[in-house]
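Trainee: here's my sequence, what's the structure:
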Amino acid sequence: MVKTPAIRPNCWTYLVTILAFREEFSGHFSHETQVLVQIPIRRMNSTSAEHQAVMQRRAIALGGAVLFLIVIVLLARGCQASRTERGIKDFVQQTNSILTQSNQSSRDFFNLLRDPGDAGATEIETSVNEQRSLASELVRQANNLSPPGDLAQAKQYLVESLEFRRDGLNAISEQISQALSDQDPEAATEKIAANMQQFLASDVIYSQRAYAYMNQAVKDKDVEGVTLPSSQFLPSLEWLDPAVVDDVLSRARGGTGSDEPVAPGTHGTGITGVSAQPAGTALAEGSVNDLANAKSIAVQVQNQGENDEKDVEVSIQISGSGTPIRLNKPIAAISAGETVTVTIPLTRTPSSGATATLKVEVKRVPGEENTDNNRQEFDVKF
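Mentor: Got it, this is the predicted structure:
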């Protein structure tokens, strides 16, 4: 059985009803007048008959007036309901446009941090500033929305949600330069991770307030054909961890961002060994390595490509026990096929007896496609 869709009355429906009623009502009295004209004029012997006819005509007129008034009231209500429904649909559509841009901004921002490719610090800073400017523009657009009264609170929370995204990007843009430098980047990465909380707050406010009020208005007014927009700026809670943020930024840290063309042939480096010095004990993955007496970490790096490379950064990160510790040292130049040992002094370490994770990484060089052997990770104890 095919279900016939319900017809929703609107201003035009009620207007047609009024016109039809007017035509019928006018026709009724026109017909009555014609009948009265055809009646021969005669002397009415009964005054009660005349009175009864007059009362009947008055009753008919009064009934018609009441019915006309009812239709007018229904028309007004229909027009108001139609305007409210249109207002809700327009607000949802405009909100969807704003959040589509915000969602794309989130993808661009976090994809760049997670996989900077050949982008150097300058390119990353520029991109973050572009996202910050877009976030400010989206707040302006949201403030300019004019929703019906039922969605006033939805607009309020939408603006608040977007303001948190704008403020988070503003704060991160102020720290990104230091976080990508070699001069004490840990403090900056901690602040960046802390400001990721603003993105989380934004997502909660939108989903639990703005979205909830829009959904309630749509249900209360029985608005059909509306799909409410979803929005989540923070991809995952792992971005709240300073160690994760520092680990991600380390892939872009120290990059040259040069526009020089990449030389033909393969490019790439790899870690061939890691040891604790001065003992020279090789570190092993899958077991806890004792670094209680270690003074430095030696990393063997091999140029496995067909081209000479320069400014290759080698870094170590100790995390999982207090504030992450990051240390690095560059290789000025390394020839194709050459193996270089980079020794990084442990100028800072966790407290004695602490267990942690040691991550060793060689930054990707321009033109390098396979980075599977650029990183190693060890469980260590101090």
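Trainee: could I get the contacting residues of residue 276?
Mentor: Contacts here follow CB atoms under 8 Å, 6 or more residues apart in numbering; on that basis residue 276 touches 283, 289, 291, 294, 296-298. Placement of C-beta: from N, CA and C, glycine included.
Trainee: can you list the domain ranges for the chain.
Mentor: Domain segmentation of the chain under automatic domain parsing yields 11-39+51-79, 87-222+233-249, 269-381.
Trainee: hang on, the earlier thing: looking at the contacts of residue 276, state which has the most neighbours.
Mentor: Highest neighbour count within the contacts of residue 276: residue 297, with 25 neighbours (other CB atoms under 10 Å).
Trainee: one step back: and the contacts of residue 276, which two are the farthest apart?
Mentor: Farthest apart among the contacts of residue 276 by CB to CB are 289 and 296. That separation is 14.1 Å.
Trainee: so for this structure, the centremost residue is which one?
Mentor: For the chain, the residue nearest the mean C-alpha position is residue 233 (3.2 Å; CA atoms, centre = their mean).
Trainee: who's in contact with that residue?
Mentor: Taking CB under 8 Å, 6+ apart, one finds 102-103, 105-106, 165, 199, 202-203 in contact with residue 233.
Trainee: list the contacts of stretch 126-134.
Mentor: 101, 105, 108-109, 112, 119, 166, 169-170, 172-173, 176.
Trainee: can you list the buried residues in that stretch?
Mentor: Across stretch 126-134, burial judged by 16 or more other CB atoms under 10 Å covers 127-128, 131-132, 134.
Trainee: mind putting those residues into TSV with distance to residue 60, secondary structure and pLDDT?
Mentor: Shown next, in TSV, are the buried residues of stretch 126-134 (distance: CB to CB, whole Å; DSSP: H, G, I helix; E, B strand; the rest coil; pLDDT from 0 to 100):
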residue	distance to residue 60	secondary structure	pLDDT
127	78	helix	92
128	78	helix	94
131	72	helix	95
132	73	helix	95
134	68	helix	96
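Trainee: picking that back up, same list (the domains of the chain) but as JSON lines, adding distance to residue 263.
Mentor: Written out in JSON lines, the entries for those read as follows (distance: least, CB to CB, whole Å):
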{"stretch": "domain 11-39+51-79", "distance to residue 263": "72"}
{"stretch": "domain 87-222+233-249", "distance to residue 263": "13"}
{"stretch": "domain 269-381", "distance to residue 263": "5"}
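Trainee: of all these, which lies closest to residue 261?
Mentor: Closest approach to residue 261 among the domains of the chain (CB to CB): domain 269-381, 9.2 Å.
Trainee: circling back to that earlier point, just the contacts of residue 276: which are in strands?
Mentor: 289, 296-298 (DSSP state E).
Trainee: and of these, the nearest to residue 265?
Mentor: Checking the ones in strands among the contacts of residue 276 one by one against residue 265 (CB to CB), the nearest turns out to be residue 298, at 29.0 Å.
Trainee: I'd guessed that closest one sits against residue 339; true?
Mentor: No. Applying CB atoms under 8 Å, one finds residue 298 not in contact with residue 339, separated by 12.0 Å.
Trainee: can you list residues touching both of the two?
Mentor: Counting by CB under 8 Å, 6+ apart, nothing touches both residue 298 and residue 339.
Trainee: would you map the helices across the stretch 151-300 of the chain?
Mentor: 152-179, 185-205, 211-220, 242-249 (DSSP state H, counting those that start in this stretch).
Trainee: surely residue 367 touches residue 269?
Mentor: No. The criterion here is CB under 8 Å, and residue 367 misses it with residue 269 at 11.2 Å.
Trainee: which of those two has more residues huddled nearby?
Mentor: residue 269 (26 against 17).
Trainee: stretch 196-210: which residues count as buried?
Mentor: Across stretch 196-210, burial judged by 16+ other CB under 10 Å covers 196, 198-203, 205-206, 209-210.
Trainee: next one: stretch 153-169 to chain centre, how far?
Mentor: 11 Å (CA atoms, centre = their mean, to the nearest Å).
Trainee: put the alpha carbons of it into CSV.
Mentor: The C-alpha coordinates for stretch 153-169 follow below in CSV (Å, rounded to 0.1, in the frame of the first residue of the first chain):
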residue,chain,number,x,y,z
GLN,A,153,19.9,29.7,21.7
ALA,A,154,21.2,27.4,18.9
LYS,A,155,22.8,30.4,17.3
GLN,A,156,24.3,31.5,20.6
TYR,A,157,26.0,28.1,21.2
LEU,A,158,27.0,27.9,17.5
VAL,A,159,28.9,31.2,17.9
GLU,A,160,30.5,30.1,21.1
SER,A,161,31.6,26.8,19.6
LEU,A,162,33.3,28.6,16.7
GLU,A,163,34.9,31.1,19.0
PHE,A,164,36.7,28.2,20.9
ARG,A,165,38.0,27.0,17.5
ARG,A,166,39.2,30.5,16.6
ASP,A,167,40.8,31.1,20.0
GLY,A,168,42.6,27.7,19.9
LEU,A,169,44.1,28.4,16.5
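Trainee: what are the contacting residues of it?
Mentor: Stretch 153-169 is contacted by residues 91, 95, 98, 102, 105, 109, 128, 131-132, 135-136, 138-139, 142-143, 145, 147, 195-199, 201-203, 205-206, 209-210, 213-214, 217, 231, 233 when judged by CB under 8 Å, 6+ apart.
Trainee: quick check: buried residues in that stretch?
Mentor: Buried residues in stretch 153-169, counting neighbours by 16+ other CB under 10 Å, are found at 153-155, 157-169.
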